[in-house]
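Enquirer: whatever this is, show me its structure:
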Amino acid sequence: MTAQPDLYFAFPDGSLNYVCAECTGLCCKGFGFGGSLERHVRSLFVLYPALETTVVSRSGDIVELSTSPVGCHFQDPDNFCGLERKHGKAAKPGVCTLFPFNVLRRLGPAIVVAPHYLCPLRVVVPAAPGEVEGTHAGIVSAVAESGLLELDGRGAHLPSVPVRPGAAFREVLGEEVSFRDACAAALGRQRFRDVVRAASSDPAAFDASVRRILDIAGLPQLEVSVTSDRLDEVLLAIAPALRLEYLRLSPDGVLRALAMTESLVRVEARLSDRMLEPQVMHRSATARRPAVQLLAHGDEPLQLRRVLSQKAPPVSDPQLTFAAFLATRSLASGAGVASALESAMQPAMTTADRITLAMLLGSRVDPLLSRRRDGAN
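Expert: Model (predicted):
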């Protein structure tokens, strides 16, 4: 029998829950579904032969099928699953039974299990392992039963989480487990920023580097309570999953990305208290990822001298075009990111333009960094 891989859960145990009756079936509208051909899908083809026409891809034993934007063919008018009602939960494809804990990726020899924030998840404080849907032990068996790790049980077909050059997977995985567990211990007790700061190699230097990149982005120094608040709780619950998008950065770079994310969502929370919903906060955080990732380098050079064109990216605004040209030229010459942006920006440049510039440059350099770090350059 093939040994099962280690599972890494990118959220604190028992910190997330969901109630399907409170949702309009968002997961069943237009996003497709799928699972193991042998375990689930072939039997569905027998029951519903027309379903075979909805297949869009196959990778080994895993088959993906399309669904309509107005809802899955099996979604009942009350938004519950008709398959489960007629044939039992065992008849449902693996991706459906696992949802919303069905974002699976490889991190070296381990399988990462992350939440799908299409679901309007709730943050539970204090965490309640065994009492809520986001209980690690319960999801372990659900992953095995889903068939999504394919027939060999190792998930070889799953996308991998890119990590920084030269880092051993076990080292990175250890860092992720340590940070997630620190978030778990801090839920309802500590501020998110204190957890991030404590994980840095030099807290004082880290504070200075964060303040510098926030100044570059035009973000204000926020007055934050000395005690934790609800926004801290949501950040602590979703940050382990957010980190996965920044693991190409240095360890302190990952932490700077989280610190900048907190500043962005705290400012945005002034517009609406909906930022306290994990679904909304996660979407907001990922929307600015190119800018956050670029700035999170701090003053580290990008080492893209031979592949980064010094031609300014197209921008309709003259001031932004010139700033983009100056920053690109500095980055291509080997300057640190923070220094390049500081020299390119006029002091009077608005926050909106600063973030626009960082988004523009981040979107341009990230693919180049990805190729270089993955061995293509």
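Enquirer: quick one: the strands in this structure?
Expert: Along the chain, the stretches classed as strands by DSSP state E are 7-9, 16-17, 33-36, 55-59, 62-65, 103-107, 110-114, 122-123.
Enquirer: could you export those as TSV, including mean pLDDT?
Expert: Below are the strands of the chain laid out as TSV (pLDDT from 0 to 100):
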stretch	mean pLDDT
strand 7-9	96
strand 16-17	98
strand 33-36	86
strand 55-59	91
strand 62-65	90
strand 103-107	94
strand 110-114	95
strand 122-123	96
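Enquirer: distance between the ends of stretch 192-205?
Expert: End-to-end distance for stretch 192-205, by C-alpha to C-alpha, to the nearest Å: 18 Å.
Enquirer: wait, residue 340 sits on residue 334?
Expert: No. Counting by C-beta atoms under 8 Å, residue 340 stays clear of residue 334, with 9.5 Å between them. Just so you know, the C-beta spots here come from the backbone N, C-alpha and C atoms, and that holds for glycine as well.
Enquirer: who has more neighbours out of the two?
Expert: residue 340 (26 against 12; other C-beta atoms under 10 Å).
Enquirer: so can I have TSV of the strands of the chain showing distance to residue 352?
Expert: Listed next are these as TSV, based on distance: least, C-beta to C-beta, whole Å:
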stretch	distance to residue 352
strand 7-9	37
strand 16-17	33
strand 33-36	39
strand 55-59	39
strand 62-65	39
strand 103-107	31
strand 110-114	31
strand 122-123	30
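Enquirer: looking at those, which is buried most?
Expert: strand 33-36 (a mean of 24; mean count of other C-beta atoms under 10 Å).
Enquirer: which secondary structure elements does that strand contact?
Expert: Secondary-structure packing of strand 33-36 (3 or more C-beta pairs under 8 Å, 6 or more residues apart in numbering; DSSP states H and E): strand 62-65, helix 94-98.
Enquirer: got CSV for the ones you listed, with distance to residue 262 too?
Expert: Below are the helices and strands packed on strand 33-36 laid out as CSV (distance: least, C-beta to C-beta, whole Å):
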stretch, distance to residue 262
strand 62-65, 35
helix 94-98, 29
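Enquirer: tell me, how many residues neighbour residue 85?
Expert: Residues lying near residue 85 (other C-beta under 10 Å) number 13.
Enquirer: verify the stated contact: it with residue 75.
Expert: No. At 10.8 Å, residue 85 does not count as touching residue 75 under the criterion of C-beta under 8 Å.
Enquirer: okay, helices next: where are they in the chain?
Expert: 42-47, 82-87, 94-98, 136-146, 169-186, 192-198, 203-217, 230-243, 251-268, 278-287, 289-295, 318-332, 337-344, 351-373 (DSSP state H).
Enquirer: residue 106: which of those helices is closest?
Expert: Nearest to residue 106 among the helices of the chain is helix 169-186; the distance by C-beta to C-beta comes to 9.1 Å.
Enquirer: who's in contact with the closest one?
Expert: Here helix 169-186 makes contact (C-beta atoms under 8 Å, 6 or more residues apart in numbering) with 8-13, 15, 107-110, 127, 163-164, 192, 194-195, 198-199, 228, 236-237, 239-240, 243-244, 247, 251.
Enquirer: closest to residue 223 out of the helices of the chain?
Expert: helix 251-268 (10.0 Å).
Enquirer: who does the closest one touch, helix- and strand-wise?
Expert: helix 192-198, helix 203-217, helix 230-243, helix 278-287, helix 289-295.
Enquirer: in it, what counts as buried?
Expert: Buried residues in helix 251-268, counted by 16 or more other C-beta atoms under 10 Å: 251-266, 268.
Enquirer: that helix vs helix 203-217, what angle?
Expert: Going by axes from the mean of the first three to the mean of the last three C-alpha atoms, to 10 degrees, helix 251-268 is angled at 50 degrees with respect to helix 203-217.
Enquirer: then helix 251-268 to CSV, C-alphas only?
Expert: Taking C-alpha atoms only, helix 251-268 is exported to CSV below (Å, rounded to 0.1, in the frame of the first residue of the first chain):
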residue,chain,number,x,y,z
PRO,A,251,11.7,34.8,5.1
ASP,A,252,11.6,38.5,6.2
GLY,A,253,10.2,39.4,2.8
VAL,A,254,7.3,37.1,3.4
LEU,A,255,6.7,38.8,6.7
ARG,A,256,6.9,42.3,5.1
ALA,A,257,4.3,41.2,2.6
LEU,A,258,2.0,40.2,5.5
ALA,A,259,2.7,43.5,7.3
MET,A,260,1.9,45.5,4.2
THR,A,261,-1.3,43.5,3.7
GLU,A,262,-2.5,44.3,7.2
SER,A,263,-1.9,48.1,6.5
LEU,A,264,-3.8,47.9,3.3
VAL,A,265,-6.8,46.0,4.7
ARG,A,266,-7.0,48.2,7.8
VAL,A,267,-7.1,51.4,5.6
GLU,A,268,-9.8,49.7,3.4
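Enquirer: quick one: average pLDDT of that helix?
Expert: Mean pLDDT, helix 251-268: 96.
Enquirer: what's it in contact with?
Expert: Under C-beta under 8 Å, 6+ apart, the answer for helix 251-268 is 175, 192-193, 196-197, 199-201, 206, 209-210, 213-214, 217, 219-220, 222, 224, 231, 235, 239, 242-243, 246-247, 249, 275, 281, 284-285, 288, 292-293, 295-298, 300.
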